[in-house]
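Enquirer: please find the sequence and the predicted model below.
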Amino acid sequence: MHSTEPLLRVEALRSAYGRIEALHGVSLSVAAGEIVALVGGNGAGKTTLLRTLSGVQPMTGGSLSFQGRDISRASPHARVAAGIAQVPEGRQIFAPLAIEDNLRLGAYLRKDAEIASDLERIYSLFPVLKERRRNPAGGLSGGQQQMLAIGRALMSRPTLLLLDEPSMGLAPVLVDQVFEIIQRLNREDGVTVFLVEQNAFAALSIATRGYVIETGEIAIEGKGSALLADERVREAYLGV
Amino acid sequence: MPELLQFCVSGLTVGAVYALVALGFTIIYNASDVVNFAQGEFVMIGGMTTVFATAAGVPLPLAALGAVLVAMVVGLLLHRLAIEPARGASPVTLIIITIGASIFLRGLAQVVFDKQFHSLPAFSGNTPIRFGGAAILPQSFWVLGGAAVIVAVLWAFFNRTLIGKAVLATAANRLAARLVGINTSFVMGLSFVMSAAIGAVAGILVTPITLTSYDVGMLLALKGFAAAMLGGMGNPLGAVVGGLAVGLLEALGAGYISSTYKDAIAFIVILIVLFALPGGLFGKASVERV
């Protein structure tokens, strides 16, 4: 069956910090099953956009709909309950809490009986987390914290996974590993992914489609492979 | 020697009350970064409501339960009407709001209750228990036992329940807490209600020993604050140890130096902590891994 309504539709979205507007009317869409990448430089508004999608940054104009339902005014917890989970920039784990508690809190809004089996699944995905599950999460290395942040978001069983700079601060071998896991989640679990990255090459390589954001506005959009070949993108973001 | 023991027992009894006030500070501070100077008013509301309810003929256990509920409602209203609308304001603004709330509650208590000192009959009589030459009031055991039970219940709440862990998660990282679906506004309201209940229980237990009146809250808040600072603001274990320590120092100072300076001890503690040990006994160095 073909549905014309995308999973996530963002229209003319505006957001501001006080009087300074960070997003000047961003429009984009993410269809179910896609991996969509949003690339752009520092301060282009990538993190602001993701935070606005999760409802932790107020929007000042435009509209947001998820699964055909308007969520512009929904609280952050209502959006998590609806199926939007975010792996925030800088990982933002609960450092003093045990690793297992971090994961368990990812399923905070769930009441079903499959939480324990999902926990085991996360552990099979990231075995290092299982070994140290009773330890405080703050003791993990940067890469391990990134795994934990992804695992925590997955514990809510999201329909749409938002990832903010998952490769930031990671060694190249870990970057590859993280992107491999993102692709696996998309392929095997059917999780739709909206990925924000400064590492444009890695992000566009795995993306179905991509957008380039510049100073709060979408500048270019297209298929992931097309953007990788685009002259402007190559010059500005790929360093070639 | 019996003298020392006597001072220690009375110091620990009062210290347990400071510890409970400091715990109230800690819970609210962790969940919302607010230093709630109306914390002492919860203690007053607990004691005064119980006094007036028992005077009206309500049996003591029922009156005590009612007083705790009244304090919880006041705590919830304080959060909903004064703190929540000022969300995002600077910590100083929020502190001023709580000081204003404490003055308001004191004024309200003068009108609703009166300006007299009141006491409650001791729960298990007034016959002192002789121990090693010291005379210990049975009510002291109620205070110490009550404090121990509250600490144990809090420990279980924070370590064994998901909602307790959600409170800890909110304290650790509010942004991440909202992103996993924790309603942080609810968590803050809950922390005010819990702190109010703890304060009220302390007020009920200690009233037979120290008496209560509409304005006991102010000094208790300052001493509880000193205890929380000494232990390290935000650390529950520190709050308990800090409370007991301030109580002990106060009793020993009053006993061996002069009771004139009893109330000054808590403030000397604040000064020493600020000069020598800004993080408190159990405070963590403010270094964060990024």
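Expert: Thanks, I have it.
Enquirer: hey, let's count contacts and neighbours off CA atoms from now on
Expert: Will do.
Enquirer: Three-state assignment for the residue in the stretch 151-290 of chain B positioned nearest to chain A, please.
Expert: Distance from chain A to each residue of the stretch 151-290 of chain B (C-alpha to the nearest C-alpha) is smallest for B:Gly181, at 3.9 Å. Three-state call for B:Gly181 (DSSP: H, G, I helix; E, B strand; the rest coil): coil.
Enquirer: surely it touches A:Ala78?
Expert: Yes. With contacts counted by C-alpha atoms under 8 Å, B:Gly181 reaches A:Ala78, the gap being 7.3 Å.
Enquirer: pick out whichever of the two has more residues nearby.
Expert: Neighbour count, other C-alpha atoms under 10 Å in any protein chain shown: between B:Gly181 and A:Ala78, B:Gly181 has more, with 26 against 18.
Enquirer: quick one, strands of the chain?
Expert: No chain in the question, so chain A it is. A:8-17, A:20-30, A:35-39, A:59-66, A:69-70, A:84-87, A:160-164, A:192-197, A:209-214, A:217-223 (DSSP state E).
Enquirer: to clarify, I was referring to chain B.
Expert: B:129-131, B:134-136.
Enquirer: could you pull up the mean pLDDT of the first one?
Expert: Here strand B:129-131 scores 88 as its mean pLDDT.
Enquirer: again with the last one
Expert: Mean pLDDT, strand B:134-136: 89.
Enquirer: which helices and strands does that strand pack with?
Expert: Strand B:134-136 makes packing contacts with helix B:2-32, strand B:129-131 when contacts are defined by 3 or more C-alpha pairs under 8 Å, 6 or more residues apart in numbering or on different chains; DSSP states H and E.
Enquirer: what's the closest of the ones you listed to A:Gly138?
Expert: helix B:2-32 (17.7 Å; C-alpha to C-alpha).
Enquirer: for that closest one, buried residues please.
Expert: Neighbour-count burial for helix B:2-32 flags B:5-32 (criterion: 16 or more other C-alpha atoms under 10 Å in any protein chain shown).
Enquirer: can you add mean neighbour count and distance to B:Ala172 and give the strands of chain B back as JSON lines?
Expert: JSON lines is the format used below for the strands of chain B (neighbours: other C-alpha atoms under 10 Å in any protein chain shown; distance: least, C-alpha to C-alpha, whole Å):
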{"stretch": "strand B:129-131", "mean neighbour count": "11", "distance to B:Ala172": "45"}
{"stretch": "strand B:134-136", "mean neighbour count": "18", "distance to B:Ala172": "41"}
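Enquirer: what about those strands, which gets the closest to A:Asp112?
Expert: strand B:134-136 (52.8 Å).
Enquirer: and the biggest helix by length in chain A, what does it pack against?
Expert: The residue-count maximum for a helix in chain A (DSSP state H) belongs to helix A:172-189. On a contact count with 3+ C-alpha pairs under 8 Å, 6+ apart, helix A:172-189 meets strand A:192-197, helix A:200-206.
Enquirer: how about that helix: buried residues?
Expert: Those buried within helix A:172-189 under the rule 16+ other C-alpha under 10 Å are A:174-175, A:178-179, A:181-183, A:185-186.
Enquirer: still on that earlier bit, now, of the strands of chain A, which is deepest in the fold?
Expert: strand A:84-87 (a mean of 28; mean count of other C-alpha atoms under 10 Å in any protein chain shown).
Enquirer: per-residue pLDDT of the residue lying closest to A:Val233 once chain neighbours are set aside, please?
Expert: Distances taken as C-alpha to C-alpha, 6 or more residues apart in numbering or on different chains put A:Leu227 closest to A:Val233, at 6.4 Å, once the chain neighbours are dropped. Per-residue confidence at A:Leu227 stands at 91 (pLDDT).
Enquirer: A:Leu227 touches A:Ala207, doesn't it?
Expert: No. If you go by C-alpha under 8 Å, A:Leu227 and A:Ala207 don't touch, sitting 10.0 Å apart.
Enquirer: related to what we said a few turns ago, may I ask which two of the buried residues of helix A:172-189 are separated the most?
Expert: A:Leu174 and A:Asn186 (18.5 Å).
Enquirer: write out the residues of chain A neighbouring chain B.
Expert: By the rule C-alpha under 8 Å from any C-alpha of the partner chain, the part of chain A lying against chain B is A:54, A:56, A:76-81, A:85-86, A:88, A:90, A:92-97, A:101, A:105-109, A:138, A:142, A:152-153, A:156.
Enquirer: again, 6 Å this time
Expert: Residues of chain A lying close to chain B (C-alpha under 6 Å from any C-alpha of the partner chain) are A:77, A:80, A:92, A:94, A:106.
Enquirer: and the fourth one, how far from A:Arg157?
Expert: Same thing as A:Phe94. Distance, A:Phe94 to A:Arg157, by C-alpha to C-alpha, to the nearest Å: 19 Å.
Enquirer: how about the contacts made by the residue of the stretch 151-290 of chain B closest to chain A?
Expert: A:77, A:80 (C-alpha atoms under 6 Å, 6 or more residues apart in numbering or on different chains).
Enquirer: how far away is it from B:Ala63?
Expert: B:Gly181 is 38 Å from B:Ala63, by C-alpha to C-alpha.
Enquirer: residue ranges with poor pLDDT in the stretch 151-290 of chain B?
Expert: Filtered on pLDDT under 70, the stretch 151-290 of chain B yields the residue ranges B:284-290.
Enquirer: let me redo that: chain A
Expert: A:1-3, A:239-240.
Enquirer: for the residue of it at minimum distance from chain B, which non-adjacent residue is closest in space?
Expert: Proximity of chain A to chain B (C-alpha to the nearest C-alpha) peaks at A:His77, 3.9 Å away. Of all residues not flanking A:His77 in the chain, B:Gly181 sits nearest, at 3.9 Å (C-alpha to C-alpha, 6+ apart).
Enquirer: pull out the buried residues from stretch B:82-102.
Expert: B:82-83, B:94-95, B:97-99, B:101-102.
Enquirer: quick one: end-to-end distance for it.
Expert: First-to-last residue span, stretch B:82-102, C-alpha to C-alpha: 11 Å.
Enquirer: next: stretch A:161-171.
Expert: 23 Å.
Enquirer: who in chain B is up against chain A?
Expert: B:169, B:172, B:176, B:180-181.
Enquirer: going by neighbour count, which of those residues comes out on top?
Expert: Within the residues of chain B next to chain A, B:Val180 tops the neighbour count with 31 neighbours, counted by other C-alpha under 10 Å.
Enquirer: and that one, what does it touch?
Expert: B:Val180 makes contact with A:Gly106 under the criterion C-alpha under 6 Å, 6+ apart.
Enquirer: what about it, distance to A:Ala207?
Expert: B:Val180 is 25 Å from A:Ala207, by C-alpha to C-alpha.
Enquirer: before we move on, back to that, right, and the strands of chain A - which one's nearest B:Ala266?
Expert: Of all these, strand A:8-17 sits nearest to B:Ala266, with 42.5 Å by C-alpha to C-alpha.
Enquirer: from the contact counts, what lies against that closest one?
Expert: strand A:20-30, strand A:59-66 (3 or more C-alpha pairs under 6 Å, 6 or more residues apart in numbering or on different chains; DSSP states H and E).
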